[in-house]
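generate coordinates for the sequence data below:
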Amino acid sequence: METDIVEKLYNSKPSDYFSLEREIIINEVNGNNLIVLDIGCGSGELGEALKKKSKTIVYGVELNKKAYEKASLKLDHAIHANIESVKISYEKQSFDYIIMGDVLEHLIDPMSTLKKLKPYLKKEGSFLLTVPNIRYWKTLIDLVLKDEWEYKDWGILDFTHLRFFTKKSLFRLFFKMDFNHLSVSRVIGKNTKSDFLNKLTLGLFEGFLASHIFVRAKK
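Predicted structure coming up:
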């Protein structure tokens, strides 16, 4: 029943919601003959870009049925499922990268899901994740100055977001999972007003100007 409710929420999303390429993740995937698992693969744009970039096999998991149907035509293999409840049928230590682009904030129990996925990384494999930064200035201004905390169809206060993260909280989450190599950084769009202000203030307000946080966690 719970899965049906969650899926219904995602099925109400506009199709563009599931067709975003994530440049930072694409740039972080390096090597040839890779095998990648994209959790929340949407309609397959990210996986398709990775396949074009190098000789990469891309598997995907997607909850929204329409997005899954598109992804299944672009990726090497895709399943229509909720990653929190599905029984993973892939072999352990199968993937060079497990990608979760703006997925963690949608999960009921992020740590349990990450623990479930970790054994499927190869010995030198990495998690690559992005999540919205709850300290983003627009969100804080609405909260502090306007007394507003209104959920929307899109963005940091997306109505399907169940969890909120900062750089420190993400670092603690992955540190508890015993990753030997962990990098957590804030993401600011290039050539944006936030990028200009961040450079002007020498990074002093980076935590408020970054819309997202990026994690690379390696065993």
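
all helices for this protein, in order.
Remark: helices assigned in the chain by DSSP state H are 2-11, 23-28, 45-53, 65-74, 110-117, 137-144, 167-175, 193-200, 206-209.

next, format the ones you listed as TSV and append mean neighbour count, distance to residue 215 and mean pLDDT.
The C-beta positions use only the backbone N, C-alpha and C, and glycine is treated the same way. As requested, the helices of the chain are exported to TSV (neighbours: other CB atoms under 10 Å; distance: least, CB to CB, whole Å; pLDDT from 0 to 100):
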stretch	mean neighbour count	distance to residue 215	mean pLDDT
helix 2-11	13	23	56
helix 23-28	15	10	91
helix 45-53	19	16	92
helix 65-74	18	23	94
helix 110-117	16	10	96
helix 137-144	14	20	94
helix 167-175	16	6	94
helix 193-200	14	20	92
helix 206-209	20	15	95
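
can I get those helices in TSV including distance to residue 157?
TSV is the format used below for the helices of the chain (distance: least, CB to CB, whole Å):
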stretch	distance to residue 157
helix 2-11	15
helix 23-28	22
helix 45-53	23
helix 65-74	21
helix 110-117	18
helix 137-144	7
helix 167-175	17
helix 193-200	18
helix 206-209	16
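
so which of the ones you listed is nearest residue 159?
helix 2-11 (7.6 Å; CB to CB).

tell me what the longest strand that the chain contains is packed against?
Criterion DSSP state E: the longest strand present in the chain is strand 121-132. Packing partners of strand 121-132 (3 or more CB pairs under 8 Å, 6 or more residues apart in numbering; DSSP states H and E): helix 23-28, strand 95-101, strand 212-218.

mind redoing it with 10 Å?
Here strand 121-132 is seen to pack against helix 23-28, strand 34-39, strand 95-101, helix 110-117, helix 167-175, strand 181-187, strand 212-218 when contacts are counted using 3 or more CB pairs under 10 Å, 6 or more residues apart in numbering; DSSP states H and E.

and of those, who's closest to residue 205?
Residue 205 lies closest to strand 181-187 among the helices and strands packed on strand 121-132, at 10.6 Å (CB to CB).

tell me the mean pLDDT for the closest one?
Taken as a whole, strand 181-187 has an average pLDDT of 93.

show me the contacts for residue 213.
104, 129-135, 165-171, 184-187, 207 (CB atoms under 10 Å, 6 or more residues apart in numbering).

please pick the buried ones from the residues you listed.
Neighbour counting with 16 or more other CB atoms under 10 Å marks 104, 129-135, 165-167, 170-171, 184, 186-187, 207 as buried within these.

partner strands of the longest strand of the chain, with direction?
Strand 121-132 has its sheet partners listed here by DSSP bridges as strand 95-101 (parallel), strand 212-218 (antiparallel).

off-centre distance for the first one?
The chain centroid and the centroid of strand 95-101 are separated by 9 Å under CA atoms, centre = their mean, to the nearest Å.

likewise for the last one?
Mean C-alpha position of strand 212-218 versus that of the full chain (CA atoms, centre = their mean) differs by 9 Å.

and that strand with helix 110-117, angle?
With axes from the mean of the first three to the mean of the last three CA atoms, to 10 degrees defining the directions, strand 212-218 sits at 40 degrees from helix 110-117.

please consider this matter closed, and thank you.
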